[in-house]
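Visitor: Sequence and predicted structure, then a few things I'm wondering about:
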Amino acid sequence: MVNRVSKVSPERWLDAARKILIEEGVDHVKIDRLATSLRVTRGGFYHHFHNRGELLDKLLVQWEETNTFIPDLPPPKTHDDAAAMLKEVSRILIEEKDYEPRLDVAVRDWARRSKKAKAALDRVDQSRIDFFDRLYRAFGYEPREAFIRARVTYFHQVGYYALAIKETRTKRFEYNDLYLKILSGERLND
């Protein structure tokens, strides 16, 4: 007989769901599977969620609110602010401490089959592109060029993870200055 844990918080249910989403995809996020992995009965799930759909909705909200690489700073107003912010974003993306790229990839896959996931992904993508657009405007680029640079920068990053490029952090930091120069059109040395 398996020892069962008596109570599991909604956060633990969401953590378990996120892990399965990342490793196997949304189709494998099932109540029975989650209960087994958490060593509880299915009934424990219903203390926190009405159904699987509610769990998935909360998982999307959690992803949208927390899996971001955009620093919580005021929008850049000057060239120097923009340069510092672009470097900070790059550091966050390379270190992958507060941003989980595999989760973004999993949500992108989910969005191919779910209108709710697609709507959330579209909001997040637009928000991230808008961030880069503001950043490039602060560099002094006119609106059209800022928008295109924002898209190229964001598509570059999405592509990096979608292609599952495997490089060490050391190698990524080694390439970083040249990537930032090419993407921004600026030399960003300290």
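Guide: Nice, I can see it.

Visitor: From now on I want contacts and neighbour counts done on CA atoms only, so please keep to that.
Guide: Noted.

Visitor: Any buried residues in the helix or strand of the chain with the lowest mean pLDDT, and which?
Guide: Lowest on mean pLDDT, DSSP states H and E among the helices and strands of the chain sits helix 42-45, with a mean of 87. Residues of helix 42-45 classed as buried by neighbour count (16 or more other C-alpha atoms under 10 Å): 44-45.

Visitor: after that helix comes which helix or strand?
Guide: helix 52-66 (DSSP states H and E).

Visitor: which strands and helices sit next to the next helix or strand after that following helix?
Guide: Per DSSP H and E, the first helix or strand lying C-terminal to helix 52-66 is helix 79-95. The helices and strands touching helix 79-95, judged by 3 or more C-alpha pairs under 8 Å, 6 or more residues apart in numbering; DSSP states H and E, are helix 115-138, helix 169-184.

Visitor: Buried residues, the longest one. List them.
Guide: Along helix 115-138, the positions that meet the burial threshold by neighbour count (16+ other C-alpha under 10 Å) are 117-118, 120-121, 124-125, 128-138.

Visitor: same deal with stretch 15-23?
Guide: 16-22.

Visitor: I'd like the average pLDDT over that stretch.
Guide: Stretch 15-23 carries an average pLDDT of 97.

Visitor: Touching stretch 123-141 from outside, list them.
Guide: 64, 70, 75-83, 85-86, 143, 146-147, 149-151, 153-154, 184 (C-alpha atoms under 8 Å, 6 or more residues apart in numbering).
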